[in-house]
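Q: Task: produce atomic coordinates for the following.
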Amino acid sequence: MSDTDAAWIETALTSARPQAVGALLRYFRDLDTAEEAFQNACLRALRAWPQNGPPRDPAAWLIMVGRNVAIDEVRRTRKQQPLPEDDQAISDLGDAEGALAERLDGSHYRDDILRLMFICCHPQLPATQQIALALRIVSGLTVKQIARAFLVSDAAMEQRITRAKAKVAEAGTPFEAPGAVERSERLAGVAAMIYLIFNEGYSASGETAELRKPLCEEAIRLARLLLRLFQSEPEIMGLTALILLQHARSAARFADDGSLILLEDQDRSLWNGTMIAEGLALIDKAMRHRRSGPYQIQAAIAALHARALRPEETDWTQIDLLYGALELVQPSPVVTLNRAVAVSKVRGPQAALDLIEPLAPKLANYFHFYGVRGAFLMQLGRNDEARIAFDRAIALANTSAEAAHIRMHLDRLIRDSQPKPKESAKAK
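A: Residues are numbered from 1 along each chain as shown. Next up is the predicted model:
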């Protein structure tokens with residue numbers, strides 16, 4: 001197989017995976033069986049496609065062949081037990097996807113993929129298992145790739161995925177097409193799972209940033225897939241816009257030594273203009289629906305940052321108002337903490353400090369609370385209190401980049417507290 005063949009086949013298999021695995025899952029009602037059927041179909045594709053050329057509908061071809069292979073396996077293991085009349089064996093050697101396209105129920109396409117995603121973000125699964133299962137089943141990443149991104153052993157990740165599959169099986173998730181209300185609930189859960197995947201990659205720093213960057217890219221791919229399925233859903237537009245606008249800044253977020261660069265200090269020429277343009281177009285389109293939600297509001301905030309060519313051009317007043325709106329639809333001390341940064345730009349550090357002081361009990365173990373509080377105190381000249389806040393922040397730092405950023409503030413406090421050398425007396 002030539003490199004050219006390998007490239008287009010890999011792209012086709014990756015693109016077709018969610019639909020194919022989703023359809024096979026609907027048919028066999030078992031995750032392991034659906035996944036194994038898809039893998040067997042991929043092996044046959046690797047043999048047949050270089051010779052016969054690409055099928056008109058790769059997903060349909062894979063569904064057909066995967067279902068066929070699994071049915072043959074059932075026949076072998078169950079000693080030729082009778083199968084339903086429509087389960088005829090169809091050869092995968094020819095161009096069979098044309099006939100299959102007429103037999104497949106096209107109305108199931110969206111529900112198949114949504115069901116597949118929903119099963120991966122089942123509410124009984126912890127967030128770490130949701131992400132791992134989605135990356136394995138929906139995205140097709142290998143256990144080794146997922147383990148590397150999460151900095152755990154292959155065996156530990158394999159165990160995590162196996163436990164997740166077992167919980168899904170025990171939960172008895174229904175496979176029928178969901179109704180309108182349930183579909184809306186499922187869609188919200190899927191969106192949250194995709195954003196979790198993105199944040200797992202986006203929150204990485206230093207030497208782990210490059211390892212986890214593929215998680216951001218995969219989240220964007222899944223968000224775009226969801227958007228193709230639900231093209232009129234403004235919150236899915238908002239989610240996709242949000243992660244595009246955030247990821248567009250990735251090349252400017254870290255210095256060569258791995259230290260974190262704050263948004264206002266980033267080299268904006270390094271931001272991805274194409275990604276920003278896509279994100280801005282999506283959030284503008286979402287807002288025209290006049291059904292705002294938390295993803296749209298956050299994307300609108302990110303859009304204001306993206307539109308500012310220089311930090312001083314940032315519309316902090318509008319950002320303050322948007323965070324106020326986000327507090328109403330998604331109340332959270334973290335949202336209020338983020339709003340305080342905008343307040344400090346608009347009304348000064350004292351107003352921002354007054355806003356976050358009541359958050360102390362709820363954010364007692366939150367790194368960013370002490371980092372932000374220390375910054376406000378330092379701006380007010382209350383250096384001793386700032387030093388205490390920064391010391392607490394370092395103790396709670398999750399990464400070396402976070403700790404290094406706080407040490408930079410502490411070094412500045414030390415420099416400012418040292419007496420300046422007296423000028424030498426002029427010679428008479």
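Q: When you work out contacts or count neighbours from here on, use the C-alpha atoms and nothing else.
A: OK.
Q: Look at A155 and report its pLDDT.
A: At A155, the model reports a pLDDT of 92.
Q: oh, I was asking about S332
A: For S332, the pLDDT comes out at 92.
Q: Check the gap between it and L151 for me.
A: Look at S332 and L151: by Cα to Cα, to the nearest Å, they are 30 Å apart.
Q: Are we agreed that G258 is in a helix?
A: No. Read with DSSP: H, G, I helix; E, B strand; the rest coil, G258 is coil and lies in no helix.
Q: A401 is in contact with that one, correct?
A: Yes. Using Cα atoms under 8 Å, G258 is in contact with A401, at 6.5 Å.
Q: The two: which has the busier surroundings?
A: Neighbour totals were compared for G258 and A401, and A401 leads with 21 against 16 (other Cα atoms under 10 Å).
Q: quick one: low-confidence parts of this protein?
A: For the chain, the stretches flagged by pLDDT under 70 are 1-5, 78-110, 173-180, 205-209, 211, 417-428.
Q: Repeat the analysis, applying 50 as the threshold.
A: Applying pLDDT under 50 to the chain flags residues 83-107, 424-428.
Q: top helix in it by residue count?
A: helix 3-28 (DSSP state H).
Q: what comes up buried for that helix?
A: 9, 12-13, 15-26, 28 (16 or more other Cα atoms under 10 Å).
Q: Number of residues surrounding the residue lying closest to L380 once chain neighbours are set aside?
A: When the adjacent residues along the chain are set aside, L380 lies closest to P349, with 6.8 Å between them (Cα to Cα, 6 or more residues apart in numbering). By other Cα under 10 Å, the residues close to P349 number 22.
Q: Contacts only, for P349.
A: 343, 376-377, 379-380 (Cα atoms under 8 Å, 6 or more residues apart in numbering).
Q: now those residues: which count as buried?
A: Among these, the ones that count as buried (16+ other Cα under 10 Å) are 343, 376-377.
Q: Reformat these as a markdown table; add distance to L355 and secondary structure.
A: What follows is the buried ones among the contacts of P349, written out as a markdown table (distance: Cα to Cα, whole Å; DSSP: H, G, I helix; E, B strand; the rest coil):
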| residue | distance to L355 | secondary structure |
| --- | --- | --- |
| V343 | 9 | helix |
| F376 | 11 | helix |
| L377 | 13 | helix |
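Q: Which of those sits closest to I113?
A: Nearest to I113 out of the buried ones among the contacts of P349 is V343 (Cα to Cα; 42.1 Å).
Q: Would you check that that closest one makes contact with A351?
A: Yes. Using Cα under 8 Å, V343 is in contact with A351, at 6.9 Å.
Q: about what we covered before: for E210, state which of the buried ones among the contacts of P349 is nearest.
A: E210 lies nearest to F376 out of the buried ones among the contacts of P349, by Cα to Cα, at 31.8 Å.
Q: I figured the closest one hits L353, correct?
A: Yes. Counting by Cα under 8 Å, F376 touches L353, with 6.4 Å between them.
Q: Distance of E313 relative to A325?
A: Counting by Cα to Cα - E313 and A325 are separated by 22 Å.
Q: now L280
A: Taken as Cα to Cα, the span from L280 to A325 is 19 Å.
Q: And these two? Which one has more around it.
A: L280 (24 against 17).
Q: what ranges do the helices span in the stretch 101-250 of the chain?
A: Listed in chain order, the helices of the stretch 101-250 of the chain (DSSP state H, counting those that start in this stretch) span 108-120, 127-137, 143-150, 154-171, 180-202, 209-229, 234-247.
Q: Show me what the last one packs onto, helices and strands only.
A: When contacts are defined as 3 or more Cα pairs under 8 Å, 6 or more residues apart in numbering; DSSP states H and E, helix 234-247 sits against helix 180-202, helix 209-229, helix 273-287, helix 294-307.
Q: okay, the second one in PDB with CA atoms only?
A: Looking back up the chat, that one is helix 209-229. The C-alpha trace of helix 209-229 is given here as PDB (Å, rounded to 0.1, in the frame of the first residue of the first chain):
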ATOM      1  CA  ALA A 209       1.200  20.600  26.700                       C
ATOM      2  CA  GLU A 210       2.300  19.000  23.500                       C
ATOM      3  CA  LEU A 211       1.300  15.500  24.700                       C
ATOM      4  CA  ARG A 212      -2.300  16.700  25.500                       C
ATOM      5  CA  LYS A 213      -2.700  19.000  22.500                       C
ATOM      6  CA  PRO A 214      -4.400  16.200  20.500                       C
ATOM      7  CA  LEU A 215      -7.200  16.200  23.100                       C
ATOM      8  CA  CYS A 216      -8.100  19.800  22.100                       C
ATOM      9  CA  GLU A 217      -8.000  18.900  18.400                       C
ATOM     10  CA  GLU A 218     -10.200  15.800  19.000                       C
ATOM     11  CA  ALA A 219     -12.700  17.900  21.000                       C
ATOM     12  CA  ILE A 220     -12.900  20.300  18.100                       C
ATOM     13  CA  ARG A 221     -13.500  17.400  15.700                       C
ATOM     14  CA  LEU A 222     -16.300  16.000  17.800                       C
ATOM     15  CA  ALA A 223     -17.800  19.500  18.300                       C
ATOM     16  CA  ARG A 224     -17.900  20.000  14.500                       C
ATOM     17  CA  LEU A 225     -19.400  16.500  14.100                       C
ATOM     18  CA  LEU A 226     -22.100  17.400  16.600                       C
ATOM     19  CA  LEU A 227     -22.700  20.700  14.800                       C
ATOM     20  CA  ARG A 228     -23.200  18.900  11.500                       C
ATOM     21  CA  LEU A 229     -25.900  16.800  13.200                       C
END
